[in-house]
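Visitor: my questions are about this predicted structure, shown below with the sequence.
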Amino acid sequence: MRLDKQERKALRHSLRNVDGDIFLFGSRLHDDRKGGDIDLLVFSKGSPYRISQEIAVNFFKECEEKIDVIVMDNSRLTEQQQAFVNTLKMEPIVP
């Protein structure tokens, strides 16, 4: 997992009030790559818009790195969402 100290601190700060399971996916899983934004997938029953905005805003207050947040209710995934999730390599993040 390729996150520096500041990014890890910003993630802890931005995820502290999130009720759900949180996963990192995308290029940041690969230690041998450079660059790339931080991609998060959050499984929660809360409002996807509110959760994603809250995480992004709180993260940006601590770290000006680009972050993408996807929020889904894993008990109500559409066929397309399930297909997307099935393509991902993910690692859990514990705030």
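Guide: Received the coordinates, thanks. Numbers count the residues shown, from 1 in each chain.
Visitor: what number of residues lie near Val18?
Guide: Using other CB atoms under 10 Å, Val18 has 20 neighbouring residues. In this view, the C-beta of every residue, glycine as well, is placed from N, C-alpha and C.
Visitor: ok, Val42 - contacts?
Guide: Residues near Val42 by CB atoms under 8 Å, 6 or more residues apart in numbering: Val18, Gly20, Asp21, Ile22, Phe23, Ile51, Ser52, Ile55, Val69, Ile70, Val71, Met72.
Visitor: quick one: secondary structure of the fourth one?
Guide: Each residue gets one of three states, and Ile22 gets strand by DSSP: H, G, I helix; E, B strand; the rest coil.
Visitor: any idea of the pLDDT on the spatially most central residue of the chain?
Guide: A centroid search over the chain (CA atoms, centre = their mean) returns Leu40, at 1.6 Å, as the residue closest to the centre. Confidence at Leu40, expressed as pLDDT, is 97.
Visitor: my read: it touches Phe23, true?
Guide: Yes. Leu40 lies in contact with Phe23 (CB atoms under 8 Å); the separation is 6.9 Å.
Visitor: any shared contact partners between those two?
Guide: Counting by CB under 8 Å, 6+ apart, the residues touching both Leu40 and Phe23 are Ile93.
Visitor: before we move on, the earlier item: which pair in the contacts of Val42 spans the largest distance?
Guide: Pairwise distances across the contacts of Val42 peak at 14.8 Å for Asp21 and Ser52 (criterion: CB to CB).
Visitor: want to throw the contacts of Val42 into TSV with distance to Lys45?
Guide: Converted to TSV, the contacts of Val42 look like this (distance: CB to CB, whole Å):
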residue	distance to Lys45
Val18	12
Gly20	7
Asp21	11
Ile22	14
Phe23	16
Ile51	10
Ser52	14
Ile55	16
Val69	16
Ile70	15
Val71	10
Met72	10
